[in-house]
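S.K.: Got a predicted structure plus its sequence, pasted below:
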Amino acid sequence: MEPFETRHVGPDAAARSTMLQRLGFSDLDALTAAALPAEIAMEGPLDLPAARSEAEVQADLMRMAQTNQPGRAMIGLGYYGTLTPAVIRRNILENPAWYTAYTPYQPEISQGRLEMLLTFQTMIADLTGLPAAGASLLDEGTAVAEAVGVARRRQRSGSVVVVDAGILPQSLAVLRTRALALGVEIVASADPVQAVTEHDAFAVVVQTPATDGTIRSVEELSALATRAHDQGALVIAAADLLALTVMPAPATWGADIVVGSTQRFGVPLFYGGPHAAYIAVGPGMERQLPGRLVGLSQDRHGTPALRLALQTREQHIRREKATSNICTAQVLLAIVAAAYAIYHGPGGLRGIAHDIATATRRLAAALHAAGYTLASETFFDTVTVSTPDGAAQIVERARENGVHLRFVDPDHVGISVGEDTSETDLATVATAFGATLTHDEYGAWGQPERPQDYLSHPVFHRYHSETEMMRYLRALAARDFALDQGMIPLGSCTMKLNPAAALETISYPGFANLHPFVPIHDAQGYAALITGLEAQLAAITGYDAVSLQPNAGSQGEFAGLMAVRSYHHAQGHPERVVCLIPASAHGTNAASAAMAGMEVAVVKTADDGAIDFDDLSAQVSRYADRLAVIMITYPSTHGVYESRVRELCALVHDAGGQVYVDGANLNALMGLAQPGRFGADVSHLNLHKTFAIPHGGGGPGVGPVAVREHLAPYLPNHPLVADAGPVTSYGPVSAAPYGSAGILSISYAFIALMGPELRHASQGAVLAANYVASRLRERYPILYAGENGLVAHECLVDLRPLTKRTGVSVDDVAKRLIDYGFHAPTMSFPVAGTLMVEPTESESLAELDRFCEAMLSIADEAERVAAGEWPTDDNPLHNAPHTLAEVTGDAWDHPYPRSLAAHPAGLALGAVSTGARDRYWPAVGRIDGVFGDRNLVCSCPPLEDYR
Ligand SMILES: *Cc1c(COP(=O)(O)O)cnc(C)c1O
């Protein structure tokens, strides 16, 4: 079989030479040598093993998976056994229509996933009893920290967070990391009522059920909430979602913010992630929600339509003042959790919860009869058993028989029952304790059975048969435009191929079902995968050490900046807190710097789009001994390899600062240049961009942080897994020791399949971007270029002259592209009035040409508007995208024909290059975002209202 590379890189040899010819180069090396500054060019090939075949790589990963010992995970600690319904696994997790979609910034082509996310929000709002829930956060630990952030902004006074001692240890550790930089004090206490009275607290965090399984009574929780509110503190509950199906909603006892994980709603354990966390807030706090919020609005025809509401792109607008740095979240996993609730319905969920509670009570009865004492007699799915001096032995006995229990300490064992726990597992556990399982039950919830109704919306009642569910999932997927429909040329997002052979590996049983806190010798396969991937990434970037813990690019930024902060502190320079960031930087950069406790200072852009060196020098002198770090993106967000990057690094180093290179654009560097060698100290990478992990409609992601040797002692670590990072670290940035461990095999496989030929991927990306730039230049200025007039792997198409001449806006062009069968490029970032196009190496020449022809045809259409042929407020651009209902309707009163609306330039009919292709139809017309923000609706309205 042909090497994998030939399937991954779109253009074949003949197509490549056509493209190179147009650009005037004889081969790829000549092109990249001309584009890339010689002073940073890598010498020699990447130090990676030779590329291997798909069969070989899969066999290698299968062997690794088989050396993990998942057994039955009954460890608890925030991760529980669950059964993913096959209809969901097959039609969502394994379906490119769902997993290759991008974050729904273009709502007209995203109605399917937006509907699922609205269902997710509705589910969370119902179960917590609070009015507004977001569309997913990264994990439970960071969700607790984000909730504390919301409380901090709301309460203003108070500097202490009281944390109930029953909190998950990893949540507490993540919170401590965040608090470190923000100057917030954390008081962990077994008596939060007392603690909140004694301290000047702005928030109290309580875990329910507690980590040891104990459930506080509603009276106790209400008393805590009353006391907290009296003292001016908000109450944050970290709640188990399944427990909420049978316990009173936290809002009813006074919780103001509720967070938690949705993992046990059908998402595999994945050795700790990816899983979607949730957050719900009380009235008046919607506008402070971190992450994305889906809301209802309407389209041009008055049809109800969904879109991201409010603070959607706030990092790009508010930068260091943003509510949070979260960009990529956990959309695909939130969709799985919502689908799980849809498929089971409220009755089904309640049934699962009851079965689990009953099984737990039977185990408790067996242990009680055998003379053991339990930490509490009020519990749901978890009991902690007193086993003086016997814990190690009991845990080992259960393990030998295939069940992982929690070793709490030498005198205590924890047991958590999951949906997947079988009768045999229960018997194994009882036997490990020398007890006998019967049908007797012992213990209780300690709270009344939940009286409040939930999930009453029809969506939770209509799709309980597999046939209906399958069709519902198909219907939603058909509303969305993902990579399985056509090119998604989003600049800075790297929407490349997600190879099926790499994706399949995440489902290998040893990978999918492993609990993150099994003994390390039962996770040898993951250890090999993690070490292997770290080594691959170090070889590619030229850095010395890598941590895979951050579960999105934004989290990698935070981790990297915390490393810089720790380093300066260790050097005796805590006063170094200024972070220089160019004006063109991605919004997460500034937001992350603020989270790491830094002061952001903006460096100007020169006329040619490069960093303004005079301004940079001035700022470096100005901040002098307070300079902590400069954070640049390379190649820059203008799509250019800046030539003076080495000089920039030297300038900052001489002033005692560190250099952070945002590595989200590594797709232009693999095998060509290495940030770890050209002067940078630290970078984050985006495995969900450069290394083939799909975007999942807005997550999951992996944002590893890579550092030079002097920063290695400050990579993140983890309180429960010693191997996860250095003891000298500030702590963890994610709840799980290796973040989104369950999807690391995708990037590992991709790198193994490409080997040193990763260089060809980058070269292909640079070729495609320059080819597109060269074709579009006929009609649109390309805003910036580097040496020899070449761009890097993306280009900024300047629409401002066109807009000025014709009145046609960036929005009009973006939406008209939908009629031509494309997802729009990135709009107005980093420069207003432009489109940033990143074609990637995976698109064929035919698809690149189809895109260029669409853009050129749109320029023609704009000229017809300018010429007065069509009114400025009634033309194919202004009215785009056109829906099927509109062009097949009885009325058509536009001054252009239906055929032009439906099949512009005949492109979608296959008149050009790609051959016949049925066109994609958006479910709704252009959406009025402002209307939605004024009339905020962010949970499912009655179905008839919006369908
Ligand atoms: C995508 C991106 C980020 C943020 O990454 P997330 O995974 O979405 O958090 C940061 N910087 C740049 C330049 C990016 O393109």
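M.R.: Yep, it's here.
S.K.: so who does whichever residue of the stretch 501-650 of the chain sits closest to the ligand touch?
M.R.: At 2.3 Å from the ligand, G553 is the closest residue in the stretch 501-650 of the chain, using CB to the nearest ligand atom. For the C-beta atoms, the positions are set from N, CA and C on the backbone; glycine is no exception. Each residue near G553 by CB atoms under 8 Å, 6 or more residues apart in numbering is listed here: C327, T328, T588, D662, A664, H684, N686, K689, G701, G703.
S.K.: what subset of the residues you listed is also close to the ligand?
M.R.: C327, T328, T588, D662, A664, N686, G701, G703 (CB under 6 Å from any ligand atom).
S.K.: List buried residues within these.
M.R.: Buried residues within these, defined by neighbour count using 16 or more other CB atoms under 10 Å: C327, T328, T588, D662, A664, N686, G701, G703.
S.K.: how about the residue nearest to the fourth one when sequence neighbours are not counted, what does it touch?
M.R.: Pointing back at D662 there. Leaving aside its sequence neighbours, D662 sits nearest to T633 (CB to CB, 6 or more residues apart in numbering; 4.1 Å). T633 makes contact with P582, S584, A585, H586, N589, V661, D662, A664, N665 under the criterion CB under 8 Å, 6+ apart.
S.K.: In CSV, list those along with secondary structure, pLDDT and distance to A478.
M.R.: Formatted as CSV, the contacts of T633 follow (DSSP: H, G, I helix; E, B strand; the rest coil; pLDDT from 0 to 100; distance: CB to CB, whole Å):
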residue, secondary structure, pLDDT, distance to A478
P582, strand, 96, 41
S584, coil, 90, 37
A585, coil, 92, 37
H586, coil, 92, 32
N589, helix, 96, 37
V661, strand, 98, 41
D662, strand, 98, 36
A664, coil, 96, 31
N665, coil, 96, 33
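S.K.: which one of those is nearest S844?
M.R.: N665 (22.5 Å; CB to CB).
S.K.: Does the closest one touch V766 like I think?
M.R.: No - look at N665 against V766 with CB atoms under 8 Å: they stay out of range, at 11.3 Å.
S.K.: Which neighbours do these two have in common?
M.R.: Counting by CB under 8 Å, 6+ apart, the shared contacts of N665 and V766 are A792, H793.
S.K.: so who does S844 touch?
M.R.: Here S844 is in contact with G10, P11, A15 (criterion: CB under 8 Å, 6+ apart).
S.K.: again but with A50, I slipped
M.R.: By CB under 8 Å, 6+ apart, A50 lies in contact with G755, P756.
S.K.: let's see it at 7 Å
M.R.: G755 (CB atoms under 7 Å, 6 or more residues apart in numbering).
S.K.: Just the pLDDT at it, thanks.
M.R.: Per-residue pLDDT puts A50 at 98.
S.K.: That one falls within a helix, correct?
M.R.: No - counting by DSSP: H, G, I helix; E, B strand; the rest coil, A50 falls outside a helix, being coil.
S.K.: that older thread, Throw the contacts of S844 into CSV and include secondary structure, thanks.
M.R.: CSV is the format used below for those (three-state DSSP):
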residue, secondary structure
G10, coil
P11, coil
A15, helix
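S.K.: Just the closest of those residues to A891, please.
M.R.: So of the contacts of S844, ranked by how close each gets to A891 (CB to CB), first place is G10, at 42.0 Å.
S.K.: quick one, phi psi at the closest one?
M.R.: Backbone torsions for G10, taken as degrees, to the nearest 10, come to phi -60, psi -60.
S.K.: Identify the residue nearest whatever residue of the stretch 101-250 of the chain ends up closest to the ligand in space, chain neighbours excluded?
M.R.: Residue nearest to the ligand within the stretch 101-250 of the chain: T103 (8.0 Å; CB to the nearest ligand atom). Of all residues not flanking T103 in the chain, G698 sits nearest, at 3.7 Å (CB to CB, 6+ apart).
S.K.: now P675
M.R.: P675 sits nearest to V661 (CB to CB, 6+ apart), 4.4 Å away.
S.K.: burial count for that neighbour?
M.R.: 27 (other CB atoms under 10 Å).
S.K.: Show me what it is bridged to.
M.R.: Under DSSP bridges, the beta-bridge partners of V661 are I632, S683.
S.K.: Tell me the secondary structure at A73.
M.R.: strand.
S.K.: next helix or strand past the longest helix belonging to the chain?
M.R.: Ranked by residue count and defined by DSSP state H, the top helix of the chain is helix 331-369. Moving toward the C-terminus from helix 331-369, the next helix or strand (DSSP states H and E) is strand 373-374.
S.K.: Show me what that following strand is packed up against.
M.R.: strand 382-386 (3 or more CB pairs under 7 Å, 6 or more residues apart in numbering; DSSP states H and E).
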